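Visitor: any chance you could fold what I've pasted below:
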Amino acid sequence: MTEADVIAHWRKGAREEIQSAKLLHEGGKQTAALFHCHLAVEKALKALYMEQQRKEAPFTHDLTQLAIQIQRPWTEDEKRMLADLTGFAVAARYDDLLWAENEATAANVLSWIHRVDMFLPSILP
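Guide: Just a heads-up that it's a prediction; the model follows:
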């Protein structure tokens, strides 16, 4: 498998994850939808990292740490979004009930899906 194949795989995965988030949201699975929003951005960042660095992406789920290693000026809003999504991945994975009651509402999830959908084209060709 070539480096280009791996990058294409990460990009395809990012697009599939945001689609999964949409389907999960429509099916009432809000916590899982937020988790897949995180995965969409993680995979897109890993593709961008590999494209820039010409080496395998670090084994991390911390979107902020990935972004720091990518040569791109990040806006404050993007930095907050990456930090929030990183937190969502942990909370969703460990089924944090209080977090779910506050964050995994249908309206909030739809907002996050929209944000991620708007963000992905800025880092995916």
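Visitor: pull the distance from stretch 99-114 to the chain's centre.
Guide: Computed by C-alpha atoms, centre = their mean, to the nearest Å, the chain-centroid distance of stretch 99-114 equals 15 Å.
Visitor: stretch 33-43 now?
Guide: On the basis of C-alpha atoms, centre = their mean, stretch 33-43 sits 3 Å off its chain's mean C-alpha point.
Visitor: same thing with stretch 14-29?
Guide: For stretch 14-29, the distance to the chain centre is 12 Å (C-alpha atoms, centre = their mean).
Visitor: can you give me the helices for the protein?
Guide: For the chain, the helices defined by DSSP state H occupy 3-26, 30-53, 63-68, 76-93, 97-103, 106-123.
Visitor: lowest average confidence, helix or strand, in this structure?
Guide: Using mean pLDDT, DSSP states H and E, helix 97-103 stands out as the lowest-scoring helix or strand of the chain, at a mean of 90.
Visitor: then that one to PDB, C-alphas only?
Guide: Output of helix 97-103 as PDB, limited to C-alpha atoms (Å, rounded to 0.1, in the frame of the first residue of the first chain):
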ATOM      1  CA  LEU A  97     -24.800  10.400  31.200                       C
ATOM      2  CA  LEU A  98     -24.600  14.000  32.400                       C
ATOM      3  CA  TRP A  99     -22.700  15.000  29.300                       C
ATOM      4  CA  ALA A 100     -25.200  13.200  27.100                       C
ATOM      5  CA  GLU A 101     -28.100  15.000  28.700                       C
ATOM      6  CA  ASN A 102     -26.400  18.400  28.100                       C
ATOM      7  CA  GLU A 103     -24.600  17.800  24.800                       C
END
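Visitor: for that helix, buried residues please.
Guide: Across helix 97-103, burial judged by 16 or more other C-beta atoms under 10 Å covers 99, 103. To be clear about C-beta, it is placed using only N, CA and C from the backbone, and glycine gets the same treatment.
Visitor: residues touching it, excluding its own?
Guide: Contacts of helix 97-103 with the rest of the structure, by C-beta atoms under 8 Å, 6 or more residues apart in numbering, involve 30-31, 34, 88, 91-92.
Visitor: let's see it at 6 Å
Guide: Residues outside helix 97-103 that contact it (C-beta atoms under 6 Å, 6 or more residues apart in numbering) are 31, 91.
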